[in-house]
Structure formats: C-alpha cells, structure tokens
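Colleague: give me the fold of what follows.
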Amino acid sequence: KLIDFSGYRVFAQTVDTCIVLFKKEKGEENRVTFAVVNSDVKNPIEYVKETWKLLPQKKLSSRTWILADEKILALKEKIERIGKPLKEWDVKIYRGVLTGFNEAFIIDTETRNKILANCKTKEERKQTAEIIKPILRGRDIKRYCYEWAGLWLIGTFPALHLDINNYPSLKKYLASFGERLYQDGKPGHRKKTNNAWFETQDSIAYYHEFEKEKIVWQEMSNIPSFTYDDHNFFTNQTVYIMTGKNLKYILGILNSKISNYYMQQI
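Modeller: Presented below is the predicted three-dimensional model:
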C-alpha cells in the first residue's frame, strides 16, 4: 500500500510525505493499492479509507510510473506511444555556468563599466569587453519571455586558457576578493580544482553553445517556463539551455498544456 500526501502538509516542514506498507503473503502477483491525499482534504484518514485504488503490477516498470487510475494511465501511455522522445531530436542540452562564487563573477552594468573604464589601452578594453557576457538567471526567465536584470558574467572559463596578465583591469577587480577565489578546497575558498584563481569553477568547454539560438529554462519551476533566445545570453547554474534544430517548434510543445500535464504526471 502506498499513501502519497501530495501537497498535504503532514508535518510542519515543507516536505512531501509518502507512507509505504508491505505485507508478505502468497499470491500470483503483487497487489498494489494506493491513495493520493491532496492539500484540500479535510480528514485524511477517512479519505484514505474511502479512496483506495488498485495499481496493476504490469504498470510498474523500470520506467517512470505514477499513482493514478486507469483513465490517466491510458492517457499517459498514449502520449508516450505517439510522442517522439526529446533525446531523439537533433538537440543538445547543457547546464549554465557554475562560477563557484557568483558575487565576484556576476556583476552589474555599473561594475562592468568601471572595469572597462580602467583599461589602459583600446586593445585591453576591447578584449576585456569580449569576455564579459550578458547573463540570465533562473528568476529572470518566464514562459516565452525573459526579463534581463542588467547583469554580466565574467567569462574567464578554463577552456579559454586565458592569461590574466593580458587583462590588468579585470585582474585588479578579481584580485580584490583575495583568497576567496582560490580553488583549493580550504574553508572559505572555492572547491578544489586544477583551475586558476581567476577562472570559473567549471571548465565550460561548451561556451560557444551560449552564443547560438537556444531554448532556456529554469532549473525549478511550478509550470513550464521555457523561452527562446537569439541574443547570445549566457546563463548561470540555475538555468539549462538547449541548442539544435526545430527549436521554435520544440519550444511550443514544451510550453503547451499537454506537456505541462505530462510532466506533472511523472
């Protein structure tokens, strides 16, 4: 027996509670009964007693399965049978940039302008501007749109093999954070990597993917919040990106009601 308190707050903490009961007995197949208690239920104990449903063992596969009646299970199976899995489309998915210390590497426009203003030559200013990229965070992304907060990413990715001495103004800014940027795993520092102190924590060998047309979406959201970007925005670690073909078509599917329904089921 499975009792899923789906949104019902059993304890004060905001956690989802599930009770699992097993009984060993002889039989031709395992019998699984379940009850789903939603947040609007007044008396959960009586509700569970009155709403037990049977989940056939054949519905419990190595794939994702859900606690639902036959009608919903049939619809889920129909979607999976007719639909084409995303992994079979010509797309690639990447995580946003993990800097290890966003307070230093994600800056506002005023800070960006100060760094560029302190460059001694036009060449230094030009090459410094090239590695400071506009960035979107999870909170900036909505369904079919985004609201850029005027923030920038200092893209000193290890994959670029930069010489920080070629960026004196940027070096001075990053050095102002002292040992906090060290990547040696010591208390108060970033986790241990083989990267230099001025580099981001992740190598980001796929940095060129950010400057392609792409779909971007939040890591966590209650509803599908996918949007399209062709303005070369980079993203932080709370956002994922998808590049490839047929992106606008896929975007419409991902934001659709049927996609929302399906994702809620799994």
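Colleague: any idea how far Q183 is from G27?
Modeller: 57 Å (CB to CB, to the nearest Å). C-betas here are computed from N, CA, C, even on glycine.
Colleague: neighbour count for those two, which is higher?
Modeller: Q183 (21 against 6; other CB atoms under 10 Å).
Colleague: got a list of what N195 touches?
Modeller: P158, Q183, Q201, S203 (CB atoms under 8 Å, 6 or more residues apart in numbering).
Colleague: now the second one: which helix or strand?
Modeller: What it means is Q183. Using DSSP states H and E, Q183 maps to neither a helix nor a strand.
Colleague: I'd guessed it sits against T193; true?
Modeller: Yes: with contacts counted by CB atoms under 8 Å, Q183 reaches T193, the gap being 4.5 Å.
Colleague: overlap of the contact sets of these two?
Modeller: Q201.
Colleague: strands of this structure, start to end?
Modeller: 2-5, 17-20, 32-36, 53-55, 91-95, 106-108, 132-136, 141-142, 145-146, 151-154, 214-218, 226-229, 234-235, 239-244 (DSSP state E).
Colleague: can you name the residues in contact with the first one?
Modeller: Yep, that's strand 2-5 we're talking about. Under CB under 8 Å, 6+ apart, the answer for strand 2-5 is 16-21, 32-37, 44, 48, 55, 67.
Colleague: tell me which of the strands of the chain sits most buried.
Modeller: strand 234-235 (a mean of 26; mean count of other CB atoms under 10 Å).
Colleague: each with direction, which strands does it pair with?
Modeller: strand 132-136 (parallel) (DSSP bridges).
Colleague: buried residues, the lengthiest helix in the chain. List them.
Modeller: Counting by DSSP state H, the longest helix found in the chain is helix 70-82. Of all the residues in helix 70-82, those buried under the rule 16 or more other CB atoms under 10 Å are L73, K76.
Colleague: elements contacting it?
Modeller: Helix 70-82 sits against helix 257-265, with contacts defined as 3 or more CB pairs under 8 Å, 6 or more residues apart in numbering; DSSP states H and E.
Colleague: chain center to the helix it packs on, what's the gap?
Modeller: How far helix 257-265 lies from its chain's middle: 17 Å, per CA atoms, centre = their mean, to the nearest Å.
Colleague: quick one: low-confidence parts of the stretch 51-200 of the chain?
Modeller: 64 (pLDDT under 70).
Colleague: can you give me the helices for it?
Modeller: 70-82, 102-105, 109-117, 122-130, 168-175 (DSSP state H, counting those that start in this stretch).
Colleague: need those in JSON lines (columns: distance to Y94).
Modeller: Formatted as JSON lines, those follow (distance: least, CB to CB, whole Å):
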{"stretch": "helix 70-82", "distance to Y94": "25"}
{"stretch": "helix 102-105", "distance to Y94": "18"}
{"stretch": "helix 109-117", "distance to Y94": "24"}
{"stretch": "helix 122-130", "distance to Y94": "21"}
{"stretch": "helix 168-175", "distance to Y94": "25"}
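Colleague: and of those helices, who's closest to C145?
Modeller: helix 109-117 (20.5 Å; CB to CB).
Colleague: report the angle between that closest one and strand 132-136.
Modeller: 170 degrees (axes from the mean of the first three to the mean of the last three CA atoms, to 10 degrees).
Colleague: just the CA coordinates of helix 109-117, formatted as CSV?
Modeller: Provided in CSV are the C-alpha atoms of helix 109-117 (Å, rounded to 0.1, in the frame of the first residue of the first chain):
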residue,chain,number,x,y,z
THR,A,109,26.4,47.2,-15.5
GLU,A,110,28.0,49.8,-13.3
THR,A,111,30.8,47.5,-12.3
ARG,A,112,31.3,46.3,-15.9
ASN,A,113,31.6,49.9,-17.0
LYS,A,114,34.2,50.7,-14.2
ILE,A,115,36.3,47.7,-15.2
LEU,A,116,36.3,48.8,-18.9
ALA,A,117,37.0,52.4,-17.9
